[in-house]
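*Asks:* Starting from these lines, generate the structure:
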Amino acid sequence: MRVIPVYYYSSASGLVRSFAQRLERPVHDLAQREVRLSEADGPWVLLTPSYKTGNDANDTVPEAVRRFLRSAANRRRLVGVIGSGNRNFGRYYQDAARLVARASGRPVLFEFELAGTPWDVEECRRLLADLDAALDASRADRPLDEGPAGTGRPEER
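*Replies:* Just a heads-up that it's a prediction; the model follows:
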């Protein structure tokens with residue numbers, strides 16, 4: 001079974017990095033230029049913080065995330081979004097994850113505050129394991145020459 005990797009962005013605080021590393025799956029740091037310029041080789045999940053606090057000049061989606069999503073292949077292979085936020089941001093809490101999800105048509109899989117609690121980590125691990133199994137099952141149900149579910153195109157490798 002393929003374990004879906006998580007691509008994340010974390011500021012200098014390291015809160016999102018800490019959460020990502022506790023998920024016990026492949027993680028890729030979008031703060032690293034080579035990761036930001038790469039393409040995911042299959043389904044992947046985005047983990048992004050939200051920073052907007054009401055300042056219209058302060059974009060809520062981190063630039064590193066926006067750059068990674070400029071790739072059509074990365075946008076197509078995105079299967080869901082996990083958000084980190086700070087409730088002190090009020091109505092902007094989790095805004096980046098919700099904006100990306102809405103723009104991409106993908107679901108917000110999980111939301112947590114700051115670095116998350118041990119329960120948050122365990123619950124997110126469980127949700128991602130369920131997603132791994134569901135994607136694996138959907139692949140098993142398709143003929144070998146059929147592409148991603150419903151596209152009729154050959155699978156990209």
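
*Asks:* Looking at the protein, which helix is longest?
*Replies:* Assignment by DSSP state H gives helix 118-140 as the longest helix of the chain.

*Asks:* For that one, give me every contacting residue.
*Replies:* Residues from elsewhere that reach helix 118-140 (C-beta atoms under 8 Å, 6 or more residues apart in numbering): 1-4, 6, 19, 22-25, 43, 45, 79-80, 82, 109-110, 112, 116, 149. Bear in mind the C-beta positions are built from the backbone N, C-alpha and C, glycine included.

*Asks:* among the residues you listed, which are in strands?
*Replies:* Val6, Val45, Val79, Gly80, Ile82, Leu109, Phe110, Phe112 (DSSP state E).

*Asks:* Grab the most central residue of this structure for me.
*Replies:* Leu46 (1.1 Å; C-alpha atoms, centre = their mean).

*Asks:* For the residue lying closest to that residue once chain neighbours are set aside, grab the count of nearby residues.
*Replies:* In this structure, Leu46 finds its nearest non-sequential neighbour in Val81, 4.9 Å apart by C-beta to C-beta, 6 or more residues apart in numbering. Neighbour count of Val81, defined by other C-beta atoms under 10 Å: 25.

*Asks:* now swap in Ser138 and tell me
*Replies:* By other C-beta under 10 Å, neighbour count at Ser138 equals 13.

*Asks:* for this structure, what spans make up the helices?
*Replies:* 15-21, 33-36, 63-68, 72-77, 95-104, 118-140.

*Asks:* just for the protein, where's the confidence low?
*Replies:* Where the chain drops to pLDDT under 70, the residues are 52-58, 141-157.

*Asks:* ok, 90 please
*Replies:* Low-confidence segments of the chain, defined by pLDDT under 90: 1-2, 10-13, 50-63, 86, 88-93, 136-157.

*Asks:* before we move on, back to that, ok, the residue nearest to the centre of the chain - contacts?
*Replies:* Going by C-beta under 8 Å, 6+ apart, the list of residues near Leu46 reads Val6, Tyr7, Tyr8, Val65, Leu69, Leu78, Gly80, Val81, Ile82, Ala97, Val100.

*Asks:* how does it look with 7 Å?
*Replies:* Shown in contact with Leu46 (C-beta atoms under 7 Å, 6 or more residues apart in numbering): Tyr7, Val65, Leu78, Val81, Ile82, Val100.
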